[in-house]
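Undergrad: Predicted structure and sequence below. I'll ask about it afterward.
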Amino acid sequence: MERLYCGSMAEPARVLVVQPNWVGDAILAGPTLRALRQLYPSAHITYLLRRYVKQIYTGMPWFNRLITYRTSGERPRTGRGLLNLAARLRAGRFDMAVLLPNSFKMALLCKVAGIPRIVGYDRDGRGFLLTDRLLPAKEEGRYVPTPIVRYYLSLAQYLGWRQRDMRLELFVTAGEEEEGRRVLRRAGVDQSVAEDGPRAGRRPVVLINPGAQYGDAKCWPPANFAHVADRLIDELGATVMLSGAARERGIIDAVRGRMKRSAADLAAAGVTLGSLKSIIRKCDLVITNDTGARHMAAALGTAVVTIFGPTDPRWTEINYDRERQVMVKVFCGPCQKKKCPLDHRCMTRVTASMVFDAAVELLKAAHGNTTGTASAASAPLPEAARPASHESV
C-alpha cells in the first residue's frame, strides 16, 4: 500500500475517529479502535457515528466520548445539518481525525470543522481534503479485494501501531443483558435460555437472521431458511429464533409462513442491537446471510454459518475458526450487485442440506455431539463501565 504524507507527526491530544455506517463494518472496525487506544493511551478519543449503530459501541473501553448523528433516512432534526455538525466538531478542538469510511462527505466535514490533521484513504475524489493520504492497492485500475478489518487496521499501523491483532470484540452491558432477557421472555423462549445462557447438555439454541441491509441479492430464499429451521427442530430438538430489522419484517414473515414448526420471533418481541448482542452470546449457533449478525457472532464467540451469494468474501474475511462459509461458484459472481439482473443462481443453488450440514458440523465440533454450547464471551459490564460522555446531533 502506497502512502503519501504531509503534516506534523506530533502525538495528538484529542482524536476524532469517524466510524463506518453499517453494523458489520462497525464491528470490523473494532481491532483498529483497540489499536488506536493502545497507541494513544492518554488521548481524549471521540467517535463520530450514525445513531443507528450506537449500540454496537456501548460498553467499549476505548473511547471517551460518542457523538451521534442522524442521516436523511433517520428523520434528522430541523437545523441539524452538515454545517451544524461541523460547528460541534470545531468546538471539540481535535488535533487529528481518522476516517475509517471512504466518504467524501466525512472528509469535507472534518475539513470544514478545521481539524488540522485528517488521515484516510485517497478514495472517492477526496484526496485534496486529507493531510495524510493512504493509497489502497490496485491492479489494472481495479481495487484489490482486501479484508475490511485489515483495511481499517492499516490506518493505525500507518500512525505507528506495530501489532497485527485482528480479533473482533463486542461488549454487553448489564442493561443490555437485562433487555435481552426481557426480549426472550416476550418471544416465549424457554426461561432457561433467558437466564442461564450457554451450558453443557442443553439442546442447541440457534438464531437465524434471514435478511440483509445491502439488498435483496444477498438474501437466501425464505423457503430454504424455513427448511433448515424445521430440520434443526425435528432432528436436534433445537430452539430456533428469528431476528431482523424492522424493514425486514416481510422476510421474517415469509420464513415463519413456510415453517412447519414454530420459531421465536425476536423482531416482534422488540429486539434491538443492544439486546441482540446479549442474545447472540447465549446462542450455540447463528445462521445468517453475509450481514452484521455474522460479525456479531464472531465478536461474541458464537459459531456461525454464513451464506454467501453476490458478495466477495475476500472483502469481509475474518479468519474465524468457528465460521463455515457456504457458497457456490457461478460464472457471474461475485458481482457485488444489490439486485440480481439474472436468476439469483448464486443463492438458489445453495441448498438447505448444505447449510444444515454446516450447522451440524459446527455444533459437533464444539461439543462432540449436537447438544453442547458455544463458549461464553466476556461477562456483562456494569453500567458504570460505559464511557461517560455521549452527545447526539
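TA: Perfect, I can see it now. Please read all numbers here as calculations on a predicted model, not as lab measurements.
Undergrad: show me where the chain has helices.
TA: Under the criterion DSSP state H, helices of the chain are mapped to 23-28, 30-39, 54-57, 82-91, 104-112, 148-158, 174-186, 191-196, 222-236, 249-258, 273-282, 292-299, 345-348, 352-367.
Undergrad: Any chance of the ones you listed in TSV with distance to residue 242, mean neighbour count and mean pLDDT as columns?
TA: For every residue, glycine as well, the C-beta is placed using N, CA and C. Below are those laid out as TSV (distance: least, Cβ to Cβ, whole Å; neighbours: other Cβ atoms under 10 Å; pLDDT from 0 to 100):
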stretch	distance to residue 242	mean neighbour count	mean pLDDT
helix 23-28	17	25	96
helix 30-39	26	21	98
helix 54-57	20	23	97
helix 82-91	36	15	92
helix 104-112	34	19	96
helix 148-158	27	21	96
helix 174-186	12	20	96
helix 191-196	15	14	71
helix 222-236	8	21	96
helix 249-258	5	18	95
helix 273-282	12	26	96
helix 292-299	11	27	96
helix 345-348	18	20	82
helix 352-367	15	19	92
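Undergrad: mind putting those in CSV, distance to residue 142 included?
TA: Below are these laid out as CSV (distance: least, Cβ to Cβ, whole Å):
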stretch, distance to residue 142
helix 23-28, 21
helix 30-39, 24
helix 54-57, 30
helix 82-91, 31
helix 104-112, 20
helix 148-158, 15
helix 174-186, 41
helix 191-196, 46
helix 222-236, 32
helix 249-258, 32
helix 273-282, 34
helix 292-299, 25
helix 345-348, 20
helix 352-367, 30
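Undergrad: Quick check: which of those is nearest to residue 128?
TA: Residue 128 lies closest to helix 104-112 among these, at 9.1 Å (Cβ to Cβ).
Undergrad: what's the domain layout of this structure?
TA: 10-164, 174-367 (automatic domain parsing).
Undergrad: Go through the helices of the chain and name the closest to residue 207.
TA: Comparing those against residue 207 with Cβ to Cβ, the closest turns out to be helix 273-282 (6.1 Å).
Undergrad: so the closest one versus helix 174-186, what angle?
TA: Inter-element angle recorded for helix 273-282 and helix 174-186: 80 degrees (by axes from the mean of the first three to the mean of the last three Cα atoms, to 10 degrees).
Undergrad: What angle do helix 292-299 and helix 273-282 make with each other?
TA: The directions of helix 273-282 and helix 292-299 differ by 50 degrees, with the same axes, to 10 degrees as the criterion.
Undergrad: Packing partners of helix 273-282?
TA: If contacts are counted by 3 or more Cβ pairs under 8 Å, 6 or more residues apart in numbering; DSSP states H and E, helix 273-282 sits against helix 54-57, helix 174-186, strand 205-209, helix 292-299.
Undergrad: repeat that with 10 Å
TA: Applying 3 or more Cβ pairs under 10 Å, 6 or more residues apart in numbering; DSSP states H and E, we find helix 273-282 packed against helix 23-28, helix 54-57, helix 174-186, helix 191-196, strand 205-209, strand 239-242, helix 292-299.
Undergrad: Do I have it right that residue 321 meets residue 365?
TA: Yes - assessed by Cβ atoms under 10 Å, residue 321 is found in contact with residue 365 at 9.2 Å.
Undergrad: shared neighbours of those two, which are they?
TA: Shared contacts of residue 321 and residue 365, defined by Cβ atoms under 10 Å, 6 or more residues apart in numbering, comprise residue 303.
Undergrad: Nearest to residue 325, out of the helices of the chain?
TA: Shortest distance between residue 325 and the helices of the chain, using Cβ to Cβ, is found for helix 352-367: 8.4 Å.
Undergrad: Alpha carbons of that closest one, in CSV - could you do that?
TA: Taking Å, rounded to 0.1, in the frame of the first residue of the first chain, the C-alpha atoms of helix 352-367 are listed here in CSV:
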residue,chain,number,x,y,z
ALA,A,352,-30.8,-26.3,2.5
SER,A,353,-28.8,-29.5,3.0
MET,A,354,-25.5,-27.7,2.5
VAL,A,355,-26.4,-25.2,5.2
PHE,A,356,-27.8,-27.8,7.6
ASP,A,357,-24.7,-29.9,7.3
ALA,A,358,-22.5,-27.0,8.1
ALA,A,359,-24.6,-26.2,11.1
VAL,A,360,-24.4,-29.8,12.4
GLU,A,361,-20.6,-29.8,11.8
LEU,A,362,-20.1,-26.7,13.9
LEU,A,363,-22.3,-28.0,16.7
LYS,A,364,-20.5,-31.3,16.8
ALA,A,365,-17.1,-29.6,16.7
ALA,A,366,-18.0,-27.5,19.7
HIS,A,367,-19.4,-30.3,21.9
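Undergrad: Helix 222-236 and that one, what's the angle between them?
TA: Angle of helix 352-367 versus helix 222-236, following the same axes, to 10 degrees, is 40 degrees.
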